[in-house]
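Student: have a look at this prediction, sequence included:
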Amino acid sequence: MSSIAGKTVAVGDAIEPLTRRVTQEQINAYAEASGDFNPIHVDEEFARSVGLPGTIAHGLLEMGILAEALSRWAGGSSRLLGLECRFSKPLRAGDAITCTGKVVAVDEAGGVASLEVDAVSDRGERVLTNGRARVRLSG
Amino acid sequence: MPDQSHVGRRYSAPGQVIDPARARAMAQAIAADGTALEAEAVPPTFAAVYCLAPTFAQLFTDPEVGINLAGLIHGEQTFEWPAAAQPGDTVDASARIESVEDKRGMTFVTLAVEAVRPADGAVVCRGRSMMILRGGAQ
């Protein structure tokens, strides 16, 4: 039987959705931690000057929240073997992101579960699409 | 602007030290409320700092390629973490321009990236980054 963090894992299982409102303060903290101070993330006036509705979150911050959702489900970030996604729509500062995922394959011999993952904003926009993740099973 | 002639260019950034304080700062920035999932682990997407940032900085300042950062968007990202990076690890990061394509008036640049921990030879991150340059294609 395949399991993870004490739970049985089967195709069709959903991870606990993770919703987080991404404030400008959080984006600024992420810019500081990542070193990515691209003005589209931190400078409202600049963001508008290049045609954006305002500042937007770093794609990799959104991906970090998605990775956290998976790590919580998996019982630790070291179980996350792979993650990929497309940054389809920008997430605007102040908007909430909800990350979801479901198991699409369980490789018992290899000890790996594969998931389809994505994220939507509270504007109803699909911000992260074409997402896939691989998680190491407990055995 | 990037074109086919740049495919295969390599950028190397050896000796990237995974600073525990900075890894913690990223975990807290992701968690937002200050309660990071694992305060003493390296968040998986910290690869942005030890693998993407130091190699992309070289690409972005490569005068032969001439990327205009003002029109740059991160389009897609793939990460694999064959071994988990630990706080304090030193890793050698590298990137290679894998493809350059012009589509719909934009230029799509794909880089293959990797970070190896020389202490034991483990690959701590391998991935692919697709960047979109708007208004690029002439």
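Tutor: Structure's in. What do you need? Numbering: from 1, shown residues only, chains lettered A, B, ... in the order given.

Student: which positions in chain B make contact with chain A?
Tutor: Contact residues of chain B with respect to chain A, defined by CB under 8 Å from any CB of the partner chain, are listed as B:22, B:25-26, B:28-32, B:37-38, B:41-45, B:48-49, B:52-53, B:69-70, B:72-82, B:84, B:128. Yep, even glycine has a C-beta here, placed from its N, CA and C like the rest.

Student: one more pass at 7 Å, please.
Tutor: B:22, B:25-26, B:29-30, B:32, B:37-38, B:41, B:43-45, B:48-49, B:53, B:70, B:74-81, B:84 (CB under 7 Å from any CB of the partner chain).

Student: which residues touch the residue nearest the centre of chain B?
Tutor: In chain B, the centroid-proximal residue (CA atoms, centre = their mean) is residue B:52; its distance is 1.7 Å. Residues in contact with residue B:52, defined by CB atoms under 7 Å, 6 or more residues apart in numbering or on different chains, are B:113, B:129.

Student: and what of residue B:109?
Tutor: Residues in contact with residue B:109, defined by CB under 7 Å, 6+ apart, are B:2, B:97, B:100, B:131, B:133.

Student: now residue B:132
Tutor: The neighbourhood of residue B:132, defined by CB under 7 Å, 6+ apart, consists of B:73, B:75, B:106, B:108.

Student: and the last one, how far from chain A?
Tutor: Meaning residue B:108. Here the distance between residue B:108 and chain A works out to 12 Å (CB to the nearest CB, to the nearest Å).

Student: so that residue, which of the three states?
Tutor: Of the three states, residue B:108 takes strand according to DSSP: H, G, I helix; E, B strand; the rest coil.

Student: before we move on, the earlier item: which ones among the residues of chain B next to chain A lie within helices?
Tutor: In helices, defined here by DSSP state H, the members of the residues of chain B next to chain A are B:22, B:25, B:26, B:29, B:30, B:53.
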